[in-house]
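Peer 1: everything below, folded, please.
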Amino acid sequence: MIIALIGCLPLCSPVALQERPRELRDIGHLLGETAEQFFSAGSVGELVRACDKKDWKTVKYLAKTVEQQSKVKAKEFCDKVAVIKQGATAGARQEYSGSGDIETMRRDTFTLDGGHLVKIRMIYAMPIADFEGFRPKSFDELFAGLREAYGDPSKSYSEPVVSTYGVKRDARRAIWEGKQNAISVTEHLGEHGQIEIVAETLAEYERDTQAPKTANPLQ
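Peer 2: Residues are numbered from 1 along each chain as shown. All right, here's what the predicted structure looks like:
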């Protein structure tokens, strides 16, 4: 089974996890695809082609991220992407930061290892104030979309988090485990709160679960 990530909220019909690929919107990449496929498809492919053509205006547009404050230095950016691509296609473990989605205040990170895409992380900011032109997603909204698409999670729980001001809240997490891949949504509370959705191969998921944990991984 392959996870197809095509965006922020799944809109497909509820199905058993083992029966069909998982689909989100607007990401345009599949877990398990080769590094060559990754760097030739979607916005990543557009960026690589713009770099090859030295179309710096397009490069700057495609390289924009939610958090970016300074102007993109197009040539330097293209050189960095070329190094990541070269390492990934050679089988080295590499991370590529995508442009994400500015409107929903989302940023994306892709992990490639062994010449294949093994993990996709989508981080949604949780601002404490409203900003005109932005529509951040809530945990409830993202969780509801995931459950509509994949059914009830394999695991769902919360852990208490105490802020620096002594306020106690529950940080939530849900995991959908498949035979070849897994997807999770985690709420990180605090001054710079965020919601993290991760889709990854089963091998990558097991690697993450065996890694040393902090005192409270949901903070």
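Peer 1: which residues touch stretch 92-102?
Peer 2: Identification of contacts with stretch 92-102 by CB atoms under 8 Å, 6 or more residues apart in numbering yields 8, 26, 38, 43-44, 62-66, 81, 84, 87-88, 106-114, 122-123, 134. In short, each C-beta sits where N, CA and C put it, glycine included.
Peer 1: no, scratch that, I was asking about stretch 47-58
Peer 2: Counting by CB under 8 Å, 6+ apart, 39-40, 46, 59, 62-63, 74-75, 77-78, 81-82, 85 sit against stretch 47-58.
Peer 1: from these, which two are the most distant?
Peer 2: Using CB to CB, the contacts of stretch 47-58 span at most 20.9 Å, a distance reached by S40 and K75.
Peer 1: okay, these two: which has more neighbours?
Peer 2: The neighbour count for S40 versus K75, taken as other CB atoms under 10 Å, is higher for S40 (15 against 12).
Peer 1: and A199, that one's in a helix?
Peer 2: No. The assignment for A199, made by DSSP: H, G, I helix; E, B strand; the rest coil, is strand rather than a helix.
Peer 1: wait, it sits on Q180?
Peer 2: No. The pair A199 / Q180 is not scored as a contact, 11.6 Å apart, by CB atoms under 8 Å.
Peer 1: which of the two has more neighbours?
Peer 2: Neighbour tally, A199 and Q180, criterion other CB under 10 Å: the higher count belongs to A199, 26 against 14.
Peer 1: and the contacts of stretch 92-102, which are buried?
Peer 2: 8, 26, 38, 43-44, 62-63, 65-66, 81, 84, 88, 106-113, 122-123 (16 or more other CB atoms under 10 Å).
Peer 1: which of those residues fall within strands?
Peer 2: 106-113, 122-123 (DSSP state E).
Peer 1: just flag the most distant two among those residues.
Peer 2: Using CB to CB, those span at most 23.0 Å, a distance reached by R106 and D113.
Peer 1: sorry, back to before: using CSV, lay out the contacts of stretch 47-58 together with pLDDT.
Peer 2: Listed next are the contacts of stretch 47-58 as CSV, based on pLDDT from 0 to 100:
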residue, pLDDT
F39, 95
S40, 94
E46, 92
V59, 89
L62, 85
A63, 81
A74, 88
K75, 91
F77, 90
C78, 94
V81, 95
A82, 96
K85, 97
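Peer 1: considering the residues you listed, which is situated nearest to G193?
Peer 2: Proximity of these to G193 (CB to CB) peaks at A63, which lies at 25.8 Å.
Peer 1: which one is that closest one nearest to, not counting chain neighbours?
Peer 2: Distances taken as CB to CB, 6 or more residues apart in numbering put V72 closest to A63, at 4.6 Å, once the chain neighbours are dropped.
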